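1. Prediction below, plus the sequence it came from.
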Amino acid sequence: MAQILDLDDWALSLFAEGQLRYSEPAAALDTRENITFGKAALAEARIHPRRVNQSYLSRLNAEPLPQSFHHARNHADLLYHHLRAVVQAYPSLTRDPVLVCVRSATTPEQLGLVLGIAEECGIRIGAFVDRGVATIASLATSLGAGSGAGVGRGREHVAFEFGAEQGELCHVNLGTEASRLRLREFPGHGLNQIQDGWVNIIADYFIRNSRFDPLHAATTEQQLYDTVRAWFASGEQAGTIALEHQQETRRIELQSDELRRKLEDQVGPILTELTGSSTICLGPNASKTPLLSALLAQSGFLVHARNRAAVLDYVEQHVSAHINRDEVRFLTTLPVVPGRPDVGYTLPAETLTPQSTRTSTSAILKSIPGRPTHGLHSTIAYPIGCSELPAELVGPEPRSGVTLDINGRLFTLIEVRS
């Protein structure tokens with residue numbers, strides 16, 4: 001079975017053989033000598049904010065970094081270095097095609113960028129998988145559609161998920177397969193915004209109770225952010241907050257009422273899009289957001305939750321067999337096979353234009369051989385005919401898959417279909 005890469009802007013993860021092998025925050029620290037990723041980078045985010053980037057997976061583009069790194073020029077470079085670090089720790093990633101889970105709102109341009117970066121790292125992508133659809137499909141496969149738990153064929157289900165910078169509702173129709181119907185994004189309503197709001201509430205608690213402002217010093221600000229970030233790992237909000245400052249422990253007892261009201265402010269615009277007749281399934285990040293399940297239940301919604309391992313295990317068990325070695329697709333329709341492996345199921349093979357992919361079943365991103373549309377250099381794909389591509393690369397009859405070394409620069413011709 002294929003290994004699974006989960007390109008989540010809150011945590012980049014690797015799942016293989018039924019286990020979560022790697023899961024680290026999507027954060028990068030410039031140490032001048034190299035780039036450090038994950039928890040070690042996040043631990044410096046408030047102490048050295050200009051040396052830490054936490055947005056390269058949220059933005060997923062080739063735009064220049066707001067603060068320059070010694071070994072990276074743009075967001076795509078940081079993803080390249082992060083994937084290289086994962087490959088060095090897990091060389092098996094380069095042996096067989098892998099499945100890559102991405103958020104539902106990922107664009108064809110972003111998928112093409114990931115495809116090129118992965119190739120540079122020696123990773124062959126077998127398919128991209130819509131994480132929102134996989135969340136609903138994994139729930140239905142686990143419980144059984146028609147189980148009476150609010151999971152039924154022919155009715156609408158909604159995957160509710162947070163990214164680092166946005167909330168997301170993926171509406172899915174459930175039958176013998178789970179198919180994306182529509183998608184709604186909520187920029188500025190992500191985990192970072194929830195975290196910032198809670199940090200400010202806790203800082204106010206400290207000021208009111210002891211006239212101590214933990215946001216006044218970088219070291220205590222870092223401790224406070226580390227504490228709140230840990231809540232999203234455990235799924236539970238702590239009642240006692242303790243911070244070390246000048247060899248003294250500052251401690252407060254925290255009530256959840258203000259935190260719940262702040263969370264309600266953040267998710268309010270999202271809740272207005274939901275109806276009481278929909279079955280809601282919280283995705284991996286939303287399911288670990290403290291107080292969220294209770295808030296939704298109090299609002300009258302039927303709520304299920306799927307953690308990261310459960311969603312990725314579904315993808316490994318039920319989607320791996322459908323990798324097409326000739327073309328890479330974005331799968332937004334997935335099988336629902338309660339209680340048994342999906343034998344003989346064929347995933348839809350429709351091709352759609354990039355403008356339609358928000359409601360599509362799949363989109364072919366690459367096919368070899370074929371007529372190329374772009375020349376890939378490093379992590380950037382240049383359209384055929386643009387001035388950045390050397391004329392000798394294209395030639396009279398260009399073919400996809402051809403790689404040329406031109407003055408020390410490697411270019412590969414690739415095809416992006418619409």
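-> On my side now, so go ahead.

2. CA atoms for contacts and neighbours, from now on please.
-> Noted.

3. Over to W10: give its phi and psi.
-> phi -90, psi -40 (degrees, to the nearest 10).

4. Pull out the buried residues from the longest strand along the chain.
-> The residue-count maximum for a strand in the chain (DSSP state E) belongs to strand 177-187. The neighbour-count check on strand 177-187 (16 or more other CA atoms under 10 Å) flags 177-186 as buried.

5. Mind checking the pLDDT average for it?
-> Across strand 177-187, pLDDT averages out at 95.

6. List the contacts of it.
-> Strand 177-187 is contacted by residues 104-105, 133, 136-137, 165-173, 269-270, 332-336, 358-361 when judged by CA atoms under 8 Å, 6 or more residues apart in numbering.

7. Report the residue spans of the chain with pLDDT below the cut-off.
-> 144-155, 277, 338-371, 378-379, 387, 391-411, 417-418 (pLDDT under 70).

8. Tell me which stretches of it form helices.
-> 39-42, 56-59, 75-89, 108-120, 131-143, 191-210, 218-234, 256-271, 292-298, 308-318, 391-394 (DSSP state H).

9. circling back to that earlier point, can you list the buried residues of strand 177-187 in CSV and add distance to L312?
-> Output for these, formatted as CSV (distance: CA to CA, whole Å):
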residue, distance to L312
E177, 17
A178, 16
S179, 18
R180, 18
L181, 21
R182, 22
L183, 21
R184, 23
E185, 22
F186, 24
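
10. Please identify which two of these are farthest apart in space.
-> Longest distance between any two of these is 26.5 Å, between E177 and F186; criterion CA to CA.

11. still on that earlier bit, partner strands of the longest strand of the chain, parallel or antiparallel?
-> Partner strands for strand 177-187, per DSSP bridges, with pairing direction: strand 166-174 (antiparallel), strand 333-335 (antiparallel).

12. how big is the angle separating the first one from helix 191-210?
-> In this case it means strand 166-174. 130 degrees (axes from the mean of the first three to the mean of the last three CA atoms, to 10 degrees).

13. Off-centre distance for strand 166-174?
-> 14 Å (CA atoms, centre = their mean, to the nearest Å).

14. Identify the residues contacting that strand?
-> Contacts for strand 166-174 (CA under 8 Å, 6+ apart): 104, 132-133, 136-137, 145, 152-162, 178-191, 270.

15. Repeat the analysis, applying 6 Å as the threshold.
-> Applying CA atoms under 6 Å, 6 or more residues apart in numbering, the contact partners of strand 166-174 are 132, 153-154, 156-161, 179-190.

16. Minimum distance to F15: which of the helices of the chain has it?
-> helix 308-318 (6.6 Å).

17. can you list the residues that contact the closest one?
-> 18, 135, 138, 284, 342.

18. of all these, which comes closest to C121?
-> G18 (23.8 Å).

19. just to revisit the earlier point, who wins for most neighbours among the contacts of helix 308-318?
-> T135 (30 neighbours; other CA atoms under 10 Å).

20. Please name the nearest non-neighbouring residue to that residue.
-> V311 (5.6 Å; CA to CA, 6 or more residues apart in numbering).
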